[in-house]
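# Sequence and predicted structure, then a few things I'm wondering about:
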Amino acid sequence: MRLARQVVYWLLVLSGLAWLAMRVNRRKVLVLAYHGVYTGPSDALLNHDGMHVRERRFVRQIRWVARHYRVVPIDELGTPAPAGRPRAVITLDDGYRNVRRVVFPILKARSLPATLFLPTDFVLGRRGLWWDRLRAMLAATATPTLRCSLAGRDHLLPVRTIAERVAAAEALSPEIRNVPPARREALLAELAARLGVPGRDAGAFGAPLAAGEIREMLRHGVTVGSHGTTHASFLTLGADDLALELSASRLVLEGLTGARVRWLAYPHGDFSPAVADAVRRAGYHGAVTTVEALAAGRGDAYAVTRIGVHDNMTMAHFIVAVSGLHDVFVGLVAAARRLRRRGPAVGLAVPSAGARSR
């Protein structure tokens, strides 16, 4: 199945359909969402979802984007599309140290701007991000099985092999993600005790940027946005806690950098109309999501869509994803449905729009 999918991606590229889609979508903005970039061998558990992209893959992607797009600062979102190449915005969530060590030199060499979305508890070194801590605990345990509760029912998860530990991480993540910060910390502490390991070590992938590194990057075309304080899903927070996350994270980042913080990335991409309204009232200029689509040039500034990039993307997959070909198919399907509703005389066959893997 994976091989067949890659063949389809290459056919879409070699046929020119991806290029055509890029031209059709020229007035939209490609907003790329990265998390980290690594060198050396990957780790089958700590990076099992491909959140951190290998360096050589990142270099090829950035080289392609720089050749076909005009890479602009995030503040250009919402401005009229100029003539010439379509625009692209580069964003990086979470503030991993490998951004300074690996990503920044690549962007600086090409004078490309980017925006870092930083959760302040992480970058100030208070605690590792919860998913990194969970994976590091599973990697370090000598316990063969883990007794836990999933969806309100007791389970006994095997954690002997890498595959079993990956499966355990995937099963536990929704339980930890969808609760408020205090409950999340209690769950992690309980898991650490049952696994017989320390609970705060986030592993090699989990090291945060230092304050000096952030300030250095700001002097060379990088801007900073908020990613909350605790990286808690905003949907799990009450109104007062949400307002505090929004205001506290911005104040900390502005104090750290001396620069105004105008943009926010919703942690986990979770938002609602009420959350977006709270972000607006907190004084942010806009917010980005994890909804997979090209961003409308003058769309909702508090629901900006992005294309997420992961280590499981081949180059052909990447080109198809960023071209907006999926968006074109969705538009054609919608147009065909509208035409069909007008009467049986109209016939139009278009490919069905399937979900793009991340």
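Arrived safely, thanks for sending. Computed from a predicted structure; not experimentally measured.

# Figure out how far stretch 231-238 is from the centre of its chain.
17 Å (C-alpha atoms, centre = their mean, to the nearest Å).

# what comes up buried for that stretch?
Going by neighbour count (16 or more other C-beta atoms under 10 Å), the buried part of stretch 231-238 is 231-234, 236-237. Any C-beta I mention is one placed from the backbone N, CA and C, and that applies to glycine too.

# again with stretch 85-102
Neighbour-count burial for stretch 85-102 [16+ other C-beta under 10 Å]: 86-102.

# Throw the buried residues of stretch 231-238 into CSV and include secondary structure and pLDDT, thanks.
Below are the buried residues of stretch 231-238 laid out as CSV (DSSP: H, G, I helix; E, B strand; the rest coil; pLDDT from 0 to 100):
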residue, secondary structure, pLDDT
231, coil, 95
232, coil, 94
233, coil, 96
234, helix, 97
236, helix, 95
237, coil, 95
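
# Can you flag which of the buried residues of stretch 85-102 belong to helices?
residue 98 (DSSP state H).

# So which of the buried residues of stretch 85-102 belong to strands?
Counting by DSSP state E, the buried residues of stretch 85-102 place 87-93 in strands.

# and which of those is nearest to residue 1?
Among these, residue 93 lies closest to residue 1 (C-beta to C-beta), at 28.9 Å.

# Name all residues that make contact with that closest one.
The contact partners of residue 93, by C-beta atoms under 8 Å, 6 or more residues apart in numbering, come to 33-35, 116-117, 227, 265.

# how about those residues, which pair is most distant?
34 and 227 (13.2 Å).

# Any stretches of this structure with poor pLDDT?
203-204, 329-335, 341-358 (pLDDT under 70).

# Longest helix in it, by number of residues?
For the chain, the helix with the greatest residue count under DSSP H is helix 239-257.

# Now do the buried residues in it.
241-242, 245-246, 248-250, 252-253, 256-257.

# same deal with stretch 152-170?
Using 16+ other C-beta under 10 Å as the test for burial, stretch 152-170 gives 157, 159, 164-169.

# ok, residues contacting it?
44-45, 48, 131, 134-135, 138-139, 141, 143-149, 171-172, 195.

# what's the answer for stretch 69-81, then?
26-27, 29-31, 65, 82, 84-91, 112-113, 115, 221, 223, 225, 262-263, 285-286, 295, 297-299, 301, 304.

# And the buried ones among those, selectable in PyMOL?
To isolate the buried ones among the contacts of stretch 69-81 in PyMOL, judged by 16+ other C-beta under 10 Å, type:
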select buried, resi 26+29+30+31+65+86+87+88+89+90+91+112+113+115+221+223+225+262+263+285+286+295+297+299+301+304
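
# List the ones among the contacts of stretch 69-81 that fall in strands.
If you go by DSSP E, the contacts of stretch 69-81 have 29-31, 87-91, 115, 223, 225, 263, 286, 304 in strands.

# for those residues, which one is nearest residue 54?
So of the ones in strands among the contacts of stretch 69-81, ranked by how close each gets to residue 54 (C-beta to C-beta), first place is residue 90, at 17.1 Å.

# okay but the closest one is in contact with residue 115, surely?
Yes. Counting by C-beta atoms under 8 Å, residue 115 is a contact partner of residue 90 at 7.2 Å.

# Residue ranges of each domain in this protein, please.
2-126+210-323, 130-195 (automatic domain parsing).

# which of those domains sits most buried?
domain 2-126+210-323 (a mean of 18; mean count of other C-beta atoms under 10 Å).

# on that earlier part again, just the closest of the buried residues of stretch 152-170 to residue 281, please.
residue 169 (36.2 Å).
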